[in-house]
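Chemist: Sequence first, predicted model second:
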Amino acid sequence: MTEIKKDPGYRRIATEEAWAPPELITEFRRVLEKKLINDPAFESLWGYYGGHPSERAQNLLRRIQRIDESRIADMDATGIDMQLLLLTAPGVQVLERDTAVSMAKFSNDVVAEAVRKHPTRLAALAAVAPQAPAEAAKELERAVKTLGLKGAVINSHTRGEFLDDPKFWDIFAAAEALDVPVYIHPSGPPPQMAQPFLERGLEGAIFGFGVEVALHVLRIIVSGAFDRFPKLKIVIGHTGEGLPFWLYRIDYMHAASVRSQRYAHMKPLRKKPSDYIRENLYITNSGVAWEPSIMFCHKVLGPDHVLYAMDYPYQFEPQEVAIADALPMSDIDKKKFFQLNAEKLFKL
């Protein structure tokens, strides 16, 4: 195992770390076995991790369900001081409405108890069911005010629907009022866009996840959601799912589209799309232990909007911690990256 610095001068807070209660895994299997939804990307993801005999699938299935001392031991082995726990994709969002609402509440109670047992090592975001936006807003308020959770995780699309639809904006209103972030974690592309990815095995983390989340965030931006909720904070992983690289062209083509009146639904915004990305969006490097990508994001988004994550247990690679430790940042920026930004954003 790669040797990790024991006292680097900052706490390593990993901010996109997956978990799932056994009850949710059981629900995933039920949805698959009874073919309750048409979602080939979900079938690909959990058809594999939910029961494939390979060592990789079995190791992940074991680790993802543990939010106890065994997880702490993995953190100790890689120098991680704290994990921020996110209910794994697709969360409750493939379930029927009432089941999703009850499973979100149940999982929040379970993870809050784990945090109470390990308050210096674990924190968590709340699961909510976008299928029932008003109930989701109420559950987020309960999770934050009563359970001490630090925001919401939404595993991107909900049965093919995205958060740019105003019918979901009770969730944004609640997050803004509570001053907590919404983490949009990837899920596989919805059925209406999945087939070309599936044909080459590209629907998952290799590409489809990033494409789907980037699309989701751009839909939110051009919908005017940040004009309606100017203090809303959204977090995405994997060095921004490619969006930081595209800022210039997104701004240019959005302005051109508005001027040309080509799209009746493409309305002017109060700011450039890149302004919302720089001001309202926070990104983590989850799953991307690559200096050029991290440093590019650090340059274009600023040192206050880029955070560390490991992407445990999907990526559990000790050498990636050492790579992040070696990033060419100033001491204060390195501490922001690993510790201070997470403490401020998630109120840790």
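Modeler: Done, it's in.
Chemist: how close does the residue lying closest to residue 296 once chain neighbours are set aside sit to residue 187?
Modeler: Closest residue in space to residue 296, ignoring its immediate chain neighbours: residue 244 at 6.4 Å, by Cβ to Cβ, 6 or more residues apart in numbering. C-beta: built from backbone N, CA, C; applies to glycine. Residue 244 sits 21 Å away from residue 187, going by Cβ to Cβ, to the nearest Å.
Chemist: Please say which of those two ends up with more neighbours.
Modeler: More crowded of residue 244 and residue 187, by other Cβ atoms under 10 Å: residue 187, with 27 against 22.
Chemist: ok, that one touching residue 87?
Modeler: No - the pair residue 187 / residue 87 is not scored as a contact, 11.7 Å apart, by Cβ atoms under 8 Å.
Chemist: quick one: common contacting residues for the two?
Modeler: Applying Cβ atoms under 8 Å, 6 or more residues apart in numbering, one finds that residue 187 and residue 87 are jointly contacted by residue 155.
Chemist: Now do the strands in the protein.
Modeler: 13-19, 82-87, 122-124, 126-127, 152-154, 182-184, 234-236, 281-284, 306-307 (DSSP state E).
Chemist: Compare the ones you listed and give me the one nearest residue 348.
Modeler: Proximity to residue 348 (Cβ to Cβ) singles out strand 122-124 among the strands of the chain, at 5.6 Å.
Chemist: Figure out how far the closest one is from the centre of its chain.
Modeler: Relative to its parent chain, strand 122-124 has a centroid offset of 14 Å by Cα atoms, centre = their mean, to the nearest Å.
Chemist: Touching, residue 114 and residue 69? I think so.
Modeler: No - counting by Cβ under 8 Å, residue 69 is not a contact partner of residue 114; they are 10.5 Å apart.
Chemist: Which one's more surrounded, the two?
Modeler: Counted by other Cβ under 10 Å, residue 114 and residue 69 do not tie: residue 114 has more neighbours, with 19 against 11.
Chemist: on that earlier part again, will you turn the strands of the chain into a markdown table that also has mean pLDDT?
Modeler: Output for the strands of the chain, formatted as a markdown table (pLDDT from 0 to 100):
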| stretch | mean pLDDT |
| --- | --- |
| strand 13-19 | 98 |
| strand 82-87 | 99 |
| strand 122-124 | 99 |
| strand 126-127 | 98 |
| strand 152-154 | 99 |
| strand 182-184 | 99 |
| strand 234-236 | 99 |
| strand 281-284 | 98 |
| strand 306-307 | 99 |
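Chemist: how about TSV for the ones you listed, with distance to residue 334 and mean neighbour count added?
Modeler: TSV is the format used below for the strands of the chain (distance: least, Cβ to Cβ, whole Å; neighbours: other Cβ atoms under 10 Å):
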stretch	distance to residue 334	mean neighbour count
strand 13-19	13	26
strand 82-87	16	26
strand 122-124	21	26
strand 126-127	29	29
strand 152-154	26	29
strand 182-184	23	25
strand 234-236	20	26
strand 281-284	15	26
strand 306-307	11	26
